[in-house]
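Peer 1: next comes the sequence, and after it the predicted model I'd like to discuss.
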Amino acid sequence: MIADILPPQVAAEEAFGDLPDVVLFPCEQAVIVNAVDKRRREFATARACARAALAKLGMSPAPIVPGLRGAPQWPPGVVGSITHCAGYRASAVARDRDVITIGLDAEPHDKLPDRVIGAIASRGEQARLAALAAARPDMFWDRMLFSAKESVYKAWFPLTGRWLNFEDASVDIDPVGRTFNARLLVDGPVVNGAVLTVFSGRWLVRDGLIVTAIVIPRDRSTGFK
């Protein structure tokens, strides 16, 4: 499923449920030693997905422990993202010579809880969601907006090491092209030799899930390594 919204230089793996008997590295096991069973299972399955995705790049298994603000710490030369929600775990990775950053998020295709939309969406975004809902009432556009902003943050944080609030990006969803653009309302990082002002991504709704993804490829013409 996830491969449908990712470019060919990105490797991905997904699971529609927790995998049994996942072997974790000791440093990973230490992260969840006091966690509840649900958290242990989703953490382990997500790491299994990540290692399977890394294997598609020809890389050996490696530990992937959370770092600052929980961001996964990837092996040298790799960028990636991990997501999990009820009934779904996934990871997407790429060589950093090909891709600068990846943001990936999955959510249940269901309405957001009451009062959440006011905390994550501006008035302009809420007006655009209302127009989308009027045209396509079968879709939960509010949840898609939330997922898109989660993908934006996951793509943003490795580039900046800084928090990004929901109100710091304005998202516009294209219901026909199955894409979205997130215009930054704060100063963005320098990417491919220019200040980044917009994160562009793709979305997919299938099997009761919303999946959003952002991939920024490396522009080799800049000469950056």
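Peer 2: Thanks, I have the structure now.

Peer 1: just grab the bridge partners of the residue most central in space within the chain for me.
Peer 2: The residue lying closest to the centre of the chain (CA atoms, centre = their mean) is residue 104, at 1.6 Å. Residue 104 has these beta-bridge partners by DSSP bridges: residue 213.

Peer 1: what ranges do the strands span in this protein?
Peer 2: Taking DSSP state E, the strands of the chain run over residues 11-15, 78-85, 88-95, 99-108, 169-174, 179-184, 190-191, 194-195, 198-206, 209-217.

Peer 1: and the residue nearest to the centre of the chain, what does it touch?
Peer 2: By CB atoms under 8 Å, 6 or more residues apart in numbering, the contact set of residue 104 is 2, 81-83, 90-92, 151, 154, 211-214. Yep, even glycine has a C-beta here, placed from its N, CA and C like the rest.

Peer 1: just the pLDDT for residue 69.
Peer 2: Per-residue pLDDT puts residue 69 at 89.

Peer 1: what's the neighbour count on it?
Peer 2: By other CB atoms under 10 Å, the residues close to residue 69 number 10.

Peer 1: also residue 37?
Peer 2: Neighbourhood size, residue 37 [other CB under 10 Å]: 9.

Peer 1: any idea how far it is from residue 62?
Peer 2: According to CB to CB, to the nearest Å, residue 37 stands 25 Å off from residue 62.

Peer 1: repeat that for residue 52.
Peer 2: 12 Å.

Peer 1: higher neighbour count, those two?
Peer 2: In this comparison of residue 52 against residue 62, neighbours counted by other CB under 10 Å, the higher total goes to residue 52 at 18 against 15.
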